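J.: any chance you can model this:
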Amino acid sequence: MVGLPTGRIRRIALVGIDGVGKTTQARLLADALTAAGLPAHYRRNAGGRRWLDRLAVRLGRPDARRLVGRNGLMFCEALLRWLAIARSVLRSSGGVAVMDRYAVCQYVSIRRHGAAASWERLARLAYRIFPRPDLTFLLWLPPAEARRRIEARGTDSESLEHLVRSAAAYRSLPESADFVVIDARGSAAQVAARLRQHLVDRLPADPGGVCRTTQRGTVRAGRRWRGWTVALPGGRLGR
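T.: Have a look, this model is predicted:
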């Protein structure tokens, strides 16, 4: 586990195509940070497409796109995600907000659906009021494996073509250069450990790291990066 003794990092976003485990890993990371001594809160920022698809089926249509059209779907998704992120940001007054999806997910959705470039420009204009995450993890999984996971959970469905388009859209975003890519293959516990390990390994050592004591034990010398420190709970990470 990792802890963050300073309050400089406030938002961590987990993004990726459907089926990679964003929700599971965001919850696990929030729990791990809290257990290590820093309160963290899980925040979900969905665009509501699953809910819209269910509504469409109830109204006799196969999916939301067939119900409201591509432009209608883009508008509904963008609005619902904007409201979700606004709520998450307003509620994130202390500790770390672990964001399950963020603004870039909307840009990917727009590109995946092949909407006009004006849609993305409008979305970026609307979403620019939100602060950028201090750290964005992109969970990576081959689209075919992601589709198998979606089918296994049985709550929704997604075509392989759309997953492939989503993966390409993430790579094409201008923000992609700042993403930290995490291999999402394996069990949830393995991916969670990989994510936490990467969080620490990518930081340069800080010989001036501090120690402090929490109810969970002693947090020993940390690593500093961009003004904040990641401290390692004594004996837990084996470094």
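J.: residue ranges with poor pLDDT in this structure?
T.: Applying pLDDT under 70 to the chain flags residues 1-8, 51-53, 55-56, 62-68, 201-239.
J.: need the three-state assignment for the residue of the chain positioned farthest from its centre.
T.: In the chain, the greatest distance from the average C-alpha position (C-alpha atoms, centre = their mean) is reached by Gly60, at 32.5 Å. Put simply, Gly60 is coil when judged by DSSP: H, G, I helix; E, B strand; the rest coil.
J.: residue contacts, it?
T.: Gly60 sits next to no residue when contact means C-beta atoms under 8 Å, 6 or more residues apart in numbering. To be clear about C-beta, it is placed using only N, CA and C from the backbone, and glycine gets the same treatment.
J.: distance of it relative to Gly48?
T.: 20 Å (C-beta to C-beta, to the nearest Å).
J.: over to Ala78?
T.: Using C-beta to C-beta, Ala78 is found at 10 Å from Gly48.
J.: do Ala123 as well
T.: From Ala123 over to Gly48 (counting by C-beta to C-beta), the distance is 15 Å.
J.: tell me which of the two has more neighbours.
T.: Ala123 (22 against 17; other C-beta atoms under 10 Å).
J.: where does the more buried one fall, phi/psi-wise?
T.: Backbone torsions for Ala123, taken as degrees, to the nearest 10, come to phi -60, psi -40.
J.: likewise for Leu59?
T.: Phi and psi for Leu59, reported as degrees, to the nearest 10, are phi -90, psi 10.
J.: report how many residues lie close to it.
T.: 10.
J.: got it, and Val104?
T.: Neighbourhood size, Val104 [other C-beta under 10 Å]: 23.
J.: likewise the one 4 residues further on?
T.: Using other C-beta under 10 Å, the number of residues around Val108 comes to 24.
J.: which helix or strand contains it?
T.: Using DSSP states H and E, Val108 falls within helix 103-112.
J.: so the helix ranked longest in the chain versus helix 103-112, what angle?
T.: Looking across the chain with DSSP state H, the single longest helix is helix 64-91. Taking axes from the mean of the first three to the mean of the last three C-alpha atoms, to 10 degrees, one finds helix 64-91 and helix 103-112 inclined to each other by 160 degrees.
J.: chain center to helix 64-91, what's the gap?
T.: 17 Å (C-alpha atoms, centre = their mean, to the nearest Å).
J.: same question for stretch 170-188.
T.: Offset of stretch 170-188 from its chain centre (C-alpha atoms, centre = their mean): 10 Å.
J.: do the same with stretch 25-43
T.: 13 Å.
J.: in stretch 115-132, which residues are buried?
T.: Residues Ala115, Trp119, Glu120, Ala123, Tyr127, Phe130 are the ones in stretch 115-132 that count as buried (16 or more other C-beta atoms under 10 Å).
J.: name the nearest of those relative to Glu151.
T.: Among the buried residues of stretch 115-132, Ala115 lies closest to Glu151 (C-beta to C-beta), at 26.4 Å.
J.: hey, where'd the helices end up in the protein?
T.: Taking DSSP H as the test, the helices found in the chain are 22-35, 49-58, 64-91, 103-112, 117-127, 143-153, 160-172, 188-201.
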